[in-house]
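Using only what follows, build the 3D model:
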Amino acid sequence: MSIRYPVAGQRPRVTPETLQLALSRRKLRIARRREGKYLQRSNNTGVYPARLWRYYIQLTEVEQAFKGELAVRPIYHQTDARIEAHIFVAFMAYCLQVTLKHRRRALAPGLTPRSVLEKMAALPMVDVHLPTTDGRHLILSRYTHPEPDQLLLLAELKLELPTQPPPKITTDATKAV
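So this is what the prediction gives:
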């Protein structure tokens, strides 16, 4: 739409009688053709457009993973080593999530990575503390037996639970030997 003034360059007082609107059908047609489409610019001329688009989609997936599912939030570290360690841990979490996503897509297509993690988070790990006759404590870290739906999920994803960790012996309830 454009506003037409009776005298070029002068802006009269706008009233219902003096305002005239005109619709530019050509501009409207151009705008409607562009609706719902992306325009991507790149200075990388040696890459095919389809590959550039895949890179862009991958970038949006990474951003979504860090902001959404991984919930990585800014943490202000004081040393470079801690910053690098934080980035490394976040990157490893992302790699594991992508691996789970692709594995789930092929073997259990009805589930999302988030639902797989939530289902497996319900498999508790417990520490059983047993006092011995000589005053020490035997600590057995054990995960409980999986529920039937967790067993099915493990079977569908072709995963096995790790072996139970070895027991720890402590001289008191807080220090492991």
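
Could you identify the helix or strand that succeeds the lowest-mean-pLDDT helix or strand in the chain?
Within the chain, no helix or strand scores below strand 2-3, which has a mean of 55 by mean pLDDT, DSSP states H and E. Once the chain leaves strand 2-3, the next helix or strand it forms, by DSSP states H and E, is strand 21-22.

and that next one, what other elements does it pack with?
Under the contact criterion of 3 or more CB pairs under 8 Å, 6 or more residues apart in numbering; DSSP states H and E, strand 21-22 touches strand 2-3. All C-beta atoms are positioned from the backbone trio N, CA, C, and that covers glycine.

which residues of the chain score low on pLDDT?
Within the chain, the stretches with pLDDT under 70 are 1-12, 172-177.

longest single helix anywhere in it?
Longest helix in the chain, counting residues (DSSP state H): helix 80-107.

Now do the same for the one residue sitting closest to the centre of the chain: helix, strand or coil?
The centre of the chain sits closest to residue 65, judged by CA atoms, centre = their mean, with a distance of 1.5 Å. Reducing the assignment at residue 65 to three states with DSSP: H, G, I helix; E, B strand; the rest coil gives helix.

That one touches residue 97, doesn't it?
Yes. Using CB atoms under 8 Å, residue 65 makes contact with residue 97 at a distance of 6.0 Å.

Could you chop the chain up by domain?
2-118, 124-170 (automatic domain parsing).

where's residue 22 relative to residue 28, distance?
Here the distance between residue 22 and residue 28 works out to 11 Å (CB to CB, to the nearest Å).

repeat for residue 135
Counting by CB to CB, the gap from residue 135 to residue 28 is 87 Å.

Between the two, which is the more surrounded one?
Taking other CB atoms under 10 Å, residue 135 and residue 28 do not tie; residue 28 has more neighbours (11 against 8).

can you give me phi and psi for the more buried one?
phi -60, psi -40 (degrees, to the nearest 10).

Quick check: it vs residue 40, distance?
Using CB to CB, we find residue 28 at a distance of 24 Å from residue 40.

on that earlier part again, which residues touch the residue nearest to the centre of the chain?
94, 97, 98 (CB atoms under 8 Å, 6 or more residues apart in numbering).

at 6 Å what do you get?
Residue 65 is in contact with 94, 97, counting by CB atoms under 6 Å, 6 or more residues apart in numbering.

and what of the one 5 residues further on?
With contacts defined as CB under 6 Å, 6+ apart, residue 70 is in contact with residue 93.

what's the spacing between it and residue 141?
26 Å.

secondary structure element for residue 139?
Element membership of residue 139 [criterion: DSSP H and E] is strand 137-143.

which secondary structure elements does that strand contact?
If contacts are counted by 3 or more CB pairs under 6 Å, 6 or more residues apart in numbering; DSSP states H and E, strand 137-143 sits against strand 125-131, strand 168-170.
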